[in-house]
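Participant: Please find the sequence and the predicted model below.
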Amino acid sequence: MIRWIQSRNWSATALLAGFSLLFLGGIDLFLSDFSSIYISLIFSAAIFLAVRLPWVAIALVVSGSGAAVGLDIKPGANGLMIVLFLVVIAALASQPARFVALLASIVSGAAVLANAVFFSSRLLSSFGVFSYNANAQISIFVVGLIMIVSLNLLAWLLGRLLITRSQHVGTSFDRAVAERTQARLGLEVAEQNERFEIARDISELVIQRISATISIAEGGVYATKADPAAASRILEQAADSARSAHAELRRLFDMLNKLNQVNAAPPRIDDLDSLVIAFRELGYNISLKHDGERFEISEGAELAIYRIAFDALENVRNHAPFGTDVTVDFSWTNQGMQLLIKDNGTEVSNRGLSLEELAYTVEEDRKSLTESIRGAGITAMSERAGLYGGAIEATKVPGVGFTLSAIFPNLKDTATE
């Protein structure tokens, strides 16, 4: 609500003021006399000006309470207008205005209560209190004052809570965006972390083995001068050093591919659940399911499949409107897997159009069947799928949306080597 008020400027407070006048003012008009509508008008004007002119709004609250006392109007639902006014001003006004508004609301409520209890001859009787003495008046005033102070403090704290939550916690939409951004950054960090670790270790090994080979070669130069027959032994030692370096590099490569505990764990297929939740919060009707018996695959293969699904969903977000239905289906077989991502973005975009505008031609059908969709994103997906014997097929269904299929016929063999 707070962000809605901030983004709509005058229109949001105008709607709040109009609602309070019609609903709360209408209740007072029904239960009291016609003069109560004047107080409701003043308090609704205070709500309308609470964001842009808070000091004027505070003055209106004080003057409205003074008018209620002067006209001897029974306290009623218009008191809730002050509560709504206090919520808005506590959330969006400056610090001095917030505290002055709280004090003015409490004092105004106390003044109206004191008039009803001590000075008016008819207001307590309108609430069903006909016989009372001085002690009863004091008791009623104390209880009423506690209720006024408590209600105003709660309204003020609610306003502070709403603005704090809006600025520092965020809405569900903000959290969805943060989740999607975190998923993308986690993917990039994981990939870069792998590259840097591999590059560093390979560099260290290469430097060590090259240093050893240089030492062997330098020693061989002097040895062959003294004994030419030593050349063959020197070459054998150099070859052994090169083979050793190759074996170390192979073991390092295998170790990196089997390592599970890394500084930034690469995203896996199971991490798509969080991504799906984030896209639902963004406004897409997305579902994820697995058919068939799932088998274990390597971390690299899971990363490649996750990235294909992530890029496909990003494409949906960039081109399809909110409210689009998206399905992410995994079909597992004994040896392979198919990832199918479908959306009805075109159908959602075309809702509300006439039949003539919705019509598509035979040429569009022919293109969807014969022409392949190309682009940098599709090329990158195809390259990732090709690492594990897979293929990407992207098609556009006229009048419906977009479909992407990633097929891995022999994933069990290629992703578990």
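Facilitator: Cool, the structure landed. Numbers count the residues shown, from 1 in each chain.

Participant: is it fair to say Asp331 lies in a strand?
Facilitator: Small correction: residue 331 is Ser, not Asp. Yes - remark: Ser331 belongs to a strand, assigned using DSSP: H, G, I helix; E, B strand; the rest coil.

Participant: How many neighbouring residues does it have?
Facilitator: 14 (other C-beta atoms under 10 Å). C-beta here means a position set from N, CA and C on the backbone, and glycine is covered the same way.

Participant: correct me, but it touches Lys289?
Facilitator: No - if you go by C-beta atoms under 8 Å, Ser331 and Lys289 don't touch, sitting 9.5 Å apart.

Participant: mean confidence score for stretch 135-147?
Facilitator: Stretch 135-147 carries an average pLDDT of 83.

Participant: Stretch 81-93 now?
Facilitator: 85.

Participant: Pull the residues that contact that stretch.
Facilitator: 2, 5-6, 13, 16, 20, 24-25, 40, 43-44, 46-47, 50-51, 54, 57-58, 61, 97-98, 101-102, 105, 108-109, 151-152, 155-160, 162-163 (C-beta atoms under 8 Å, 6 or more residues apart in numbering).

Participant: Between Ser331 and Lys289, which contacts overlap?
Facilitator: In contact with both Ser331 and Lys289: no residue, using C-beta under 8 Å, 6+ apart.

Participant: Please name the spatially closest residue to Arg184 (chain neighbours excluded).
Facilitator: Phe310 (7.2 Å; C-beta to C-beta, 6 or more residues apart in numbering).

Participant: And the pLDDT for that neighbour?
Facilitator: pLDDT, read off for Phe310, is 93.

Participant: Please tell me I have it right and it contacts Leu275.
Facilitator: Yes - the criterion here is C-beta under 8 Å, and Phe310 meets it with Leu275 at 6.7 Å.

Participant: on that earlier part again, show the buried residues in the contacts of stretch 81-93.
Facilitator: For these, a burial check counting by 16 or more other C-beta atoms under 10 Å picks out 2, 5, 13, 16, 20, 24-25, 40, 43-44, 46-47, 50-51, 54, 57-58, 61, 97-98, 101-102, 105, 108-109, 151-152, 155-156, 159, 162-163.

Participant: re earlier: name the residues contacting each of Phe310 and Leu275.
Facilitator: Ala183.

Participant: list the contacts for Ala242?
Facilitator: Arg209, Thr213.

Participant: so where does it fall, helix or strand?
Facilitator: helix 231-258 (DSSP states H and E).

Participant: What of Thr327?
Facilitator: Element membership for Thr327, per DSSP H and E: strand 325-332.

Participant: What pairs with that strand, parallel or antiparallel?
Facilitator: strand 285-291 (parallel), strand 337-343 (antiparallel) (DSSP bridges).

Participant: one step back: the buried ones among the contacts of stretch 81-93 in helices, which ones?
Facilitator: Counting by DSSP state H, the part of the buried ones among the contacts of stretch 81-93 found in helices is 2, 5, 13, 16, 20, 24-25, 40, 43-44, 46-47, 54, 57-58, 61, 97-98, 101-102, 105, 108-109, 151-152, 155-156, 159, 162-163.

Participant: just to revisit the earlier point, Phe310 and Leu275: who's more crowded?
Facilitator: Higher neighbour count among Phe310 and Leu275: Leu275, with 23 against 18, using other C-beta under 10 Å.

Participant: Is the more buried one in contact with Ala183, as I believe?
Facilitator: Yes - if you go by C-beta under 8 Å, Leu275 and Ala183 touch, sitting 5.3 Å apart.

Participant: intersection of neighbour lists for the two?
Facilitator: Jointly contacting Leu275 and Ala183 under the rule C-beta under 8 Å, 6+ apart are Phe310.

Participant: How about residues contacting stretch 110-117?
Facilitator: Contacts for stretch 110-117 (C-beta under 8 Å, 6+ apart): 65-66, 68-69, 72, 74-75, 79, 123-124, 137, 140-141, 144-145, 148.

Participant: Helices - which of these land there?
Facilitator: Those of the contacts of stretch 110-117 lying in helices (DSSP H): 65-66, 68-69, 79, 123-124, 137, 140-141, 144-145, 148.

Participant: In ChimeraX, how would I select the buried members of these?
Facilitator: Applying 16+ other C-beta under 10 Å to those, the buried members can be selected in ChimeraX as follows:
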select :65,68,69,79,123,124,140,141,144,145,148
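
Participant: Take the ones in helices among the contacts of stretch 110-117 and write them to TSV, including distance to Asn318.
Facilitator: Shown next, in TSV, are the ones in helices among the contacts of stretch 110-117 (distance: C-beta to C-beta, whole Å):
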residue	distance to Asn318
Ser65	54
Gly66	58
Ala68	56
Val69	61
Gly79	50
Leu123	63
Leu124	66
Gln137	69
Ile140	64
Phe141	64
Gly144	59
Leu145	58
Ile148	53
